[in-house]
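**Q** below: sequence and its predicted model.
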Amino acid sequence: MDPRTRLALLACVGLLAVSLDRPGALGVLCALCGLPLLGLRLPARRWAQGAAAIAAVVWGTVLSQGLFYAGLPRVALLELGPLTIWREGVTWGLVQSLRMVATLLAGIAVASSTPPDRLHAALRSVRVPDGLAFLAASALRAVPETARALATVRRARRRRGRPTWKRSPWAWLRLEVSMLRPVVASALRGARDQAESLDSRGFDPKARRRLRHPLTFAWWERPLLGLAFGATLAVVGMRLLYVLYTSEVVYVQALRPVYGFVRAWL
């Protein structure tokens with residue numbers, strides 16, 4: 001798939017994540033964003049770690065919003081002594097967490113399947129400033145390197161001492177922070193080496209250059225983009241009409257089915 005198609009689909013996911021306001025619709029969006037990850041053939045351990053991270057994000061957001069929801073009206077869902085978990089807060093927290101999960105899954109899918117040089121070429125082809133395009137490609141290239149450095153530090157620390165889970169929570173937190181120091185130092189050294197390499201070669205981000213492998217759309221990508229943009233614009237338009245209706249700005253009686261559809265499903 002052309003990297004420009006991936007960036008366009010990522011933009012559609014961002015718009016849909018902001019426009020959708022129902023947990024069911026956002027759950028379907030998360031499932032669609034997670035489908036491309038199935039082709040990466042990751043080990044079972046990585047899938048378990050990813051599922052645990054997503055569960056932690058959803059649980060933390062739902063719990064915090066359920067406890068501290070201040071909107072009215074609100075209905076108590078669970079009372080634990082002085083603490084009250086509000087039903088509206090739980091729903092709002094679930095919506096916010098699913099928005100984050102959808103965009104996160106889509107971003108991981110694009111970052112893991114797009115080489116940095118192709119991403120740089122795609123960004124330049126859509127008129128992104130050269131400096132920003134190079135910065136995005138460099139950041140994408142640094143993600144796997146940082147992950148490998150963190151895995152190396154964790155493996156070395158595990159072989160030198162007792163397991164992390166046997167420590168107290170505060171000791172575990174201090175250990176996690178201390179393990180970030182060599183990772184940050186390695187990232188800084190890598191950034192310095194890259195800057196010196198570019199400077200020694202006389203790199204100019206504004207210079208015109210020819211791609212060895214030009215970007216080309218497959219025959220099915222343009223219809224896919226048309227379908228994705230059409231669906232996204234339809235959802236955003238219906239959501240905008242519903243907001244204008246609930247804000248008592250514009251009401252069109254003929255659009256009552258649209259208002260009902262947005263309220264029930266979007």
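**A** Looks like it arrived, so ask away.
**Q** I'd like the average pLDDT over the helix or strand where Arg174 lies.
**A** Using DSSP states H and E, the element containing Arg174 is helix 169-200. In this model, helix 169-200 has a mean pLDDT of 81.
**Q** ok, now stretch 79-98?
**A** In the prediction, stretch 79-98 has an average pLDDT of 87.
**Q** how about the helix holding Arg174: buried residues?
**A** Neighbour-count burial for helix 169-200, counted by 16 or more other C-beta atoms under 10 Å, picks out Val183, Ser186, Gly190. For every residue, glycine as well, the C-beta is placed using N, CA and C.
**Q** do the same with stretch 117-128
**A** Within stretch 117-128, the residues scored as buried using 16+ other C-beta under 10 Å are Arg118, Leu119, His120, Ala121, Ala122, Leu123, Arg124, Ser125, Val128.
**Q** quick one: it to chain centroid distance?
**A** Relative to its parent chain, stretch 117-128 has a centroid offset of 20 Å by C-alpha atoms, centre = their mean, to the nearest Å.
**Q** so what touches it?
**A** The contact list for stretch 117-128 (C-beta atoms under 8 Å, 6 or more residues apart in numbering) reads 2-4, 6-7, 114, 130, 132-134, 136-137, 140, 211, 215.
**Q** in helices, which of those residues appear?
**A** Assigned to helices by DSSP state H, the following of the contacts of stretch 117-128 qualify: Pro3, Arg4, Arg6, Leu7, Asp130, Leu132, Ala133, Phe134, Ala136, Ala137, Leu140.
**Q** for Leu78, helix, strand, or coil?
**A** Per DSSP: H, G, I helix; E, B strand; the rest coil, the secondary structure class of Leu78 is strand.
**Q** do Ala218 as well
**A** When classified by three-state DSSP, Ala218 comes out as coil.
**Q** return the residues in contact with Phe229.
**A** When the contact criterion is C-beta under 8 Å, 6+ apart, the partners of Phe229 are Ala8, Cys12.
**Q** distance check, it against Tyr242.
**A** Phe229 sits at a distance of 20 Å from Tyr242 (criterion: C-beta to C-beta, to the nearest Å).
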